[in-house]
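>>> pasting a predicted model and its sequence here:
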Amino acid sequence: MATTDVELTGSTAAYSADNPAPLIEAPRARTPRATPSTPRIRANVELYGWVFMRLSGIVLAVLVVGHLLIQLVLDGGVSKVSFAFVAGRWASPFWQGWDLLMLWLAMLHGANGLRTVINDYAERDGTRFWLKMLLYAATVFTVLLGTLVIFTFDPNIR
Amino acid sequence: MPAGTLYRGREGMWSWVAHRVTGVLIFFFLFVHVLDTALVRVSPEAYDDVVATYKTPIVSLLEYGLVAAVLFHALNGLRVVAVDFWSKGVRLQKPMLWTVVGIWAVLMAGAIYPVLGHAARELFGS
């Protein structure tokens, strides 16, 4: 049996300028997951939430400021708001659509914002979980109630 | 700076705090507002009775506060979008905040008469 060229000694003492140690390359790319506890799918959900906050925020800035202008500033401000005023506006599909879009975007935008606030300040796992369940229940209830009211509004209820 | 905190102070932190506080306030008002509007499905009288409270001087003052919160949250939110998506956004975040505060102050001055005028007439006579 022939002798091998390299003798494995388990020590680096044998390496010198004439006989350098083999270079170990650093990893060139991160592993796909930042940490094992953050699965890819959840990281993407957070990304979509982040994008949604910005897109819905831009639309809401227009819808809500317009809403405040109509309800609180123009034509006598809040003093003209009444059942008849609501009936007049919801006779138009345009304003129904405006209010429906504003309701959905504002509730989802606000719910996601409050979810972030709960995650930041509620430190115990149980507290965090139940606060978010309460938030989701209240959000679903309010969105459905508001949607129902817009679609079933009856100006001749009396 | 106290040890063990991530808060860094200055304009960036305070605008973030104000954004959070105004956001939570607006969200809680939104719940109430959807509920009061839902009264149009009960009867015109029930709705008009509740809306009458919105026309009292004290609630008008709260409405002025609501307008303040909504306008700050909207304007500062657009600043946040600019910081995230505009190439010069990060560098100009501070001047943009003072622009937001300036526009907000002008709009709030403009909102005094339309929002609070009705309450003033009721309190002091017309």
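Noted; the coordinates are in hand. Numbers count the residues shown, from 1 in each chain, chains lettered A, B, ... in the order given.

>>> closest to the centroid, which residue in chain B?
Here the mean C-alpha position of chain B is nearest to the C-alpha of B:A69 (CA atoms, centre = their mean), at a distance of 1.4 Å.

>>> residues contacting that one?
By CB atoms under 8 Å, 6 or more residues apart in numbering or on different chains, the contact set of B:A69 is B:T22, B:L25, B:I26. C-betas here are computed from N, CA, C, even on glycine.

>>> nearest to A:S92, of these?
For those, the closest approach to A:S92 (CB to CB) belongs to B:I26, at 25.8 Å.

>>> tell me if I'm right that the closest one and A:H109 touch.
No - contact criterion CB atoms under 8 Å: B:I26 and A:H109 do not qualify, at 9.6 Å.

>>> name the residues of stretch A:87-98 that are buried.
Of the residues in stretch A:87-98, A:A87, A:W90, A:W95, A:W98 count as buried by neighbour count, 16 or more other CB atoms under 10 Å in any protein chain shown.

>>> typo on my end, stretch B:64-82
Neighbour-count burial for stretch B:64-82, counted by 16+ other CB under 10 Å, picks out B:64, B:66-81.

>>> where helices are concerned, which of these count?
The helices, defined by DSSP state H, take in B:64, B:66-81 from these.

>>> low-confidence stretches in the chain?
Picked chain A for this. Low-confidence segments of chain A, defined by pLDDT under 70: A:1-13, A:27-41.

>>> actually, chain B is the one I wanted.
B:1-4, B:126.

>>> which residues in it form helices?
B:10-38, B:44-54, B:57-85, B:93-124.

>>> of those, which approaches A:S79 most closely?
Once the helices of chain B are compared by CB to CB, helix B:93-124 is nearest, at 4.9 Å.

>>> helices or strands up against that closest one?
Contacts defined by 3 or more CB pairs under 8 Å, 6 or more residues apart in numbering or on different chains; DSSP states H and E place helix B:93-124 against helix B:10-38, helix B:57-85.

>>> mind listing what's buried along that helix?
Buried residues in helix B:93-124, defined by neighbour count with 16+ other CB under 10 Å: B:93, B:96-97, B:100-101, B:104, B:107, B:111, B:114-116, B:118-119.

>>> quick one, it and helix B:57-85 angle?
Using axes from the mean of the first three to the mean of the last three CA atoms, to 10 degrees, the inter-axis angle of helix B:93-124 relative to helix B:57-85 is 170 degrees.

>>> could you give the angle of helix B:93-124 to helix B:10-38?
Interaxial angle, helix B:93-124 versus helix B:10-38 (the same axes, to 10 degrees): 40 degrees.

>>> chain center to helix B:93-124, what's the gap?
Mean-position distance between helix B:93-124 and its chain equals 10 Å (CA atoms, centre = their mean, to the nearest Å).

>>> next one: stretch A:86-102 to chain centre, how far?
Centroid separation between stretch A:86-102 and its chain, computed with CA atoms, centre = their mean, is 27 Å.
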